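Structure for the following, please:
(2 chains)
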Amino acid sequence: MGWLVNFFGQRRYKKLRWRLLVAALALLLAADFMVPRHHSEHFWDAIPGWGAVFGFASCVAIIFVSKFIGHSGGIMRDEDYYD
Amino acid sequence: MTEWLHPALLMLIGAALLPLVRGTGQRMLSLIVPLLVLYAVSQMAPGTSGAIAFAGVELVLFQADKLSLVFAWVFAIMSLIGNLYAWHIEGTGQRVAGFLYAGSAFGVVFAGDWLTLLIGWEVMAFASAYLIFASRNAKAVAAGFRYLLVHVAGGVLLFGGIVLHGIETGSWLVGPLEPGQGGLAGWAYWLILISFMINAAVPPLNAWLTDAYPEATVTGAVFLSAFTTKTAVYVLIRNYPGAEILVGFGVAMALYGVVFAVLENNCRRLLAYHIVSQVGYMVAGVGIGTEMALNGAASHAFAHILYKGLLFMGAGAVILMAGRRKLTELGGLYRTMPLTVVLYMIGAFAISAFPLFSGFVSKSMVVSAAAGDHRAAAALLLTVASSGTFLHTGLKLPYYMFFGKDCGLRPPEPPLNMLLAMGIAAAFCIGIGVYPQALYALLPYPVDYEPYTAVHVTESLGLLMFTLLAFVLLLKHLDPEDTISLDTDWLYRRGARGFMWVARHPVLAWEQRLITLGDVAGLRLMHHLSRLSLLADIRVVDALVNGVAASARRGGLLMRRLQTGVVSHYAFWIIAGLIAGLAWAVAGAWLAAAEAAEPDPADWMQRQETVGSRPAPGVGALPQDARAGPSATLAVFRDVGAIRARPGGRGRARTGSQSDPGAKRLSAGTEAKAGAS
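Numbering: from 1, shown residues only, chains lettered A, B, ... in the order given. Reported below is the predicted structural model:
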């Protein structure tokens, strides 16, 4: 297990990690285009690559919307706020 | 037969036995009892038993159907894992609390009537609070009291709802509730629903969870993450299937937890926000109410207990070994804790619903049920929350805890028992993901769902892997900040200060005004009256008492002067007395003789004048008589008696009788003296 964890932790594998990630993403997209879609409840079920786009957009939206609410909405406070 | 193997009873007996043994014996017992419970659950078949009548109400202490059994299974597994994880601790109290907590959760799950459910509900609140207090620091104690405050309030709402429901319908048996046409039944419906939503941590009633769980002990948080919210999901499935309002709340909750998790810096609080998020899927599933949705809610609860327990165990291992809990102070631990990293990541993949992990086969059931029920918005928003779940639990938390910038700490792996417990939970996370039929067979309704379709796998992986891409690209925006986030607990943490301000300022001012009023009208009058009564006391009562006492004292002094103690003085007074007595007797006798000589009234008057004018004849004569001796005295005495015996002359007779006793005493005294001399 150690080697796997080290692979993700050590700086020297950074390039390799990037390459593997890009390859995996490309494979996934390709697979998503190839799988059969005979049953669709909603319009997005028929769109290949929908999951990828939706996941990316969701993640970006979550990060920025949350941070905006946290900073501008007065949610994030100093640790001694209640003391 | 099965009612004698009621898991709650087993746990209760176990809790009673735990304090009796120490050390390894106690540790063994803490594993044997959950194993017995597992055996008991495996022997149970759907069916009702254990009904008793109590105070005119039919109570069903034990009632097992497929829904209660699926929760019983996972509770039993989790109490075994949780106690194994806590094997190393020296805390009888925590073990007992864990047993009572799990036992009361069994009590709720098998309760056939509302009163049994209520008792389990309340015990659960107090037993779980102990696991927070057991941290023994000021923050944990404060959080524990806030936790109790919320749960006791929830318990009161539940009790009120149950009583109203019982009065309105006459039935005390649990089962689907209807809002009714307003009135008492309507009140009961909403009161019970709100109390369930409190325990399910549905926003805005969620803050007790994220406030208290991160303050619990390392081992206690594992139990906490398993039982309270999931019993709430169970009672919602049983009593509120298809309650439309829950769909909106569930979806909002799934997103609420995700948004707060972005802002969070405390590792266990981040995980706690993801309990809120994940329970949102279950609540939404209950609200959708189709068989598939209810199956999804139950199966997701099952999977959730195991992967969330695993995640809390991983974070707990870091807190225990590194001694830090803030993401800003952690990082780089992968070097010395690789096993913990791997086990934690299995939980993270499970909660993120990666294919071959448990979340994939349970969460997707809820999302598919939403889509199948033509709830496009709910399905899409729950998918957004899935992306957020992976972002936080699968990427942000492990990155900043195990990788990222090196915090310099090199903590070793946690104790073997903790790793073993995490290993068992991880095995379940993978096992359920690989072979979902085992879980599906336990679900309350027949399952007609296949999670492993090609399109489902590629779509899910696409969602997750592109979330990973966004994470890597936006990493610097995700850096944790050294802050806390305000949640709805602000209302009773800051609100309590507002309450105290009201108490200290307006209320106190009003009270002081009342006191002033009392001073003027009441107190001053009282003072005046008491001064008057004091004066009366001093001048009248005391004066009287003192006067009497002073008189008695003066009298006493006078008497003392008389009592000289000298025999001759006493003798003098006795003789003086005798002489006075004799003088009296002689005077009496002389008067009687004079009366006898002159009986005429006119003469009487004359004689009186004569007597009055005669200058004290007896005084001169008496000493002479006394000197004549005792015999002379006696002779006089006889004369007196003769005078008295003679009839007539009332006045004289009176005179004689008055002097008689005194004379007798005097004569006796004289005789005694004469005899002595």
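
drop to CA atoms for contacts and neighbour counts, all remaining ones
Will do.

Show me what the one helix or strand B:A232 maps to packs onto, helices and strands only.
In the assignment (DSSP states H and E), B:A232 maps to helix B:220-239. Contacts defined by 3 or more Cα pairs under 8 Å, 6 or more residues apart in numbering or on different chains; DSSP states H and E place helix B:220-239 against helix B:66-85, helix B:92-110, helix B:114-133, helix B:183-199, helix B:267-288, helix B:291-322.

Model confidence score at B:Q658, please.
pLDDT, B:Q658: 46.

So which bits of chain A are right by chain B?
A:1-2, A:5-6, A:9, A:25, A:28-29, A:31-32, A:35-37, A:41-42, A:49-56, A:58-60, A:62-63, A:65-67, A:70, A:74-79, A:82 (Cα under 8 Å from any Cα of the partner chain).

Return the subset of those residues lying in strands.
Using DSSP state E, the members of those that fall within strands are A:76-77.

In ChimeraX, how would I select the buried members of the residues of chain A next to chain B?
Buried subset of these, written as a ChimeraX selection, criterion 16 or more other Cα atoms under 10 Å in any protein chain shown:
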select /A:5,6,9,25,28,29,31,32,35,37,49,50,51,52,54,55,56,58,59,60,62,63,66,67,70,75,76,77
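
Going along the chain from the helix holding B:A232, find the next helix or strand for me.
helix B:245-263.

Say whether chain A is contacted by that following helix.
Yes: using Cα under 8 Å from any Cα, helix B:245-263 comes into contact with chain A via B:258-260, B:262-263.

Near the nearest residue to B:T229 once chain neighbours are set aside, how many other residues are there?
Spatial nearest neighbour of B:T229, excluding adjacent residues (Cα to Cα, 6 or more residues apart in numbering or on different chains): B:A200 at 4.5 Å. Residues near B:A200, counting by other Cα atoms under 10 Å in any protein chain shown, number 27.

So which elements touch the biggest helix by length in chain A?
The helix that spans the most residues within chain A, counting by DSSP state H, is helix A:50-72. Under the contact criterion of 3+ Cα pairs under 8 Å, 6+ apart, helix A:50-72 touches helix B:245-263, helix B:376-389, helix B:454-473.

In a markdown table: these, plus mean neighbour count and mean pLDDT.
Formatted as a markdown table, the helices and strands packed on helix A:50-72 follow (neighbours: other Cα atoms under 10 Å in any protein chain shown; pLDDT from 0 to 100):
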| stretch | mean neighbour count | mean pLDDT |
| --- | --- | --- |
| helix B:245-263 | 25 | 95 |
| helix B:376-389 | 24 | 95 |
| helix B:454-473 | 22 | 95 |
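
Residues of the stretch 301-450 of chain B that sit close to chain A?
B:332, B:334-335, B:338-339, B:341-342, B:371-372, B:374, B:376, B:384, B:387-388, B:391, B:403-404.

Please repeat the previous calculation with a cut-off of 6 Å.
The stretch 301-450 of chain B has residues B:338, B:384, B:387, B:403 near chain A, with proximity defined as Cα under 6 Å from any Cα of the partner chain.

can you check the stretch 501-650 of chain B too?
Counting by Cα under 6 Å from any Cα, no residue of the stretch 501-650 of chain B is near chain A.

For the stretch 501-650 of chain B, which segments are assigned as helices?
Per DSSP state H, counting those that start in this stretch, the stretch 501-650 of chain B carries helices over the ranges B:508-517, B:524-536, B:543-562, B:567-597, B:601-613, B:617-627, B:630-645, B:650-676.

Name the surrounding residues that touch the second one.
When contacts are defined by Cα atoms under 6 Å, 6 or more residues apart in numbering or on different chains, helix B:524-536 is touched by no residue outside itself.

relative to helix B:543-562, how tilted is that helix?
On the basis of axes from the mean of the first three to the mean of the last three Cα atoms, to 10 degrees, helix B:524-536 is oriented at 20 degrees to helix B:543-562.

So what's the predicted local confidence for B:K139?
On the pLDDT scale, B:K139 gets 93.

tell me the contacts of B:G309?
By Cα under 6 Å, 6+ apart, the neighbours of B:G309 are B:V222.

nope, B:E215 is what I meant
B:A140.

and if you look at the one 3 residues further on?
Applying Cα under 6 Å, 6+ apart, one finds that B:V218 lies in contact with B:G316.

sec struct for it, please.
With DSSP: H, G, I helix; E, B strand; the rest coil as the basis, B:V218 sits in coil.

May I have the phi/psi pair for it?
For B:V218, the backbone dihedrals (degrees, to the nearest 10) come out as phi -60, psi -40.

cool, A:G74 as well?
Torsion angles, degrees, to the nearest 10, at A:G74: phi 70, psi 20.

which residue packs closest to it, ignoring adjacent ones?
A:G74 sits nearest to B:L486 (Cα to Cα, 6+ apart), 7.9 Å away.

What are the phi and psi values at B:V57?
phi -120, psi 130.

count of neighbours near it?
By other Cα under 10 Å, 15 other residues sit near B:V57.

Please tell me how far it sits from B:T169.
13 Å (Cα to Cα, to the nearest Å).

Point out where chain A drops to low pLDDT.
With pLDDT under 70 as the threshold, chain A has no low-confidence stretch at all.

picking that back up, list of residues touching the longest helix of chain A?
With Cα under 6 Å, 6+ apart as the test, helix A:50-72 has contacts from A:76, B:259, B:384, B:387, B:459, B:462-463, B:466-467, B:470.

Wait, a strand at B:A201?
No: read with three-state DSSP, B:A201 is coil and lies in no strand.

Pull up the distance across stretch B:435-445, start to finish.
Using Cα to Cα, the two ends of stretch B:435-445 sit 18 Å apart.

Enumerate the positions of it that are buried.
Across stretch B:435-445, burial judged by 16+ other Cα under 10 Å covers B:436, B:439-440, B:442-444.

quick one: average confidence on it?
pLDDT averaged over stretch B:435-445 gives 95.

can you give me how far it is from the chain middle?
43 Å (Cα atoms, centre = their mean, to the nearest Å).

Reformat the contacts of helix A:50-72 as JSON lines; add distance to B:V70.
Below are the contacts of helix A:50-72 laid out as JSON lines (distance: Cα to Cα, whole Å):
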{"residue": "A:M76", "distance to B:V70": "40"}
{"residue": "B:V259", "distance to B:V70": "31"}
{"residue": "B:V384", "distance to B:V70": "28"}
{"residue": "B:S387", "distance to B:V70": "28"}
{"residue": "B:E459", "distance to B:V70": "29"}
{"residue": "B:G462", "distance to B:V70": "32"}
{"residue": "B:L463", "distance to B:V70": "30"}
{"residue": "B:F466", "distance to B:V70": "34"}
{"residue": "B:T467", "distance to B:V70": "33"}
{"residue": "B:A470", "distance to B:V70": "37"}
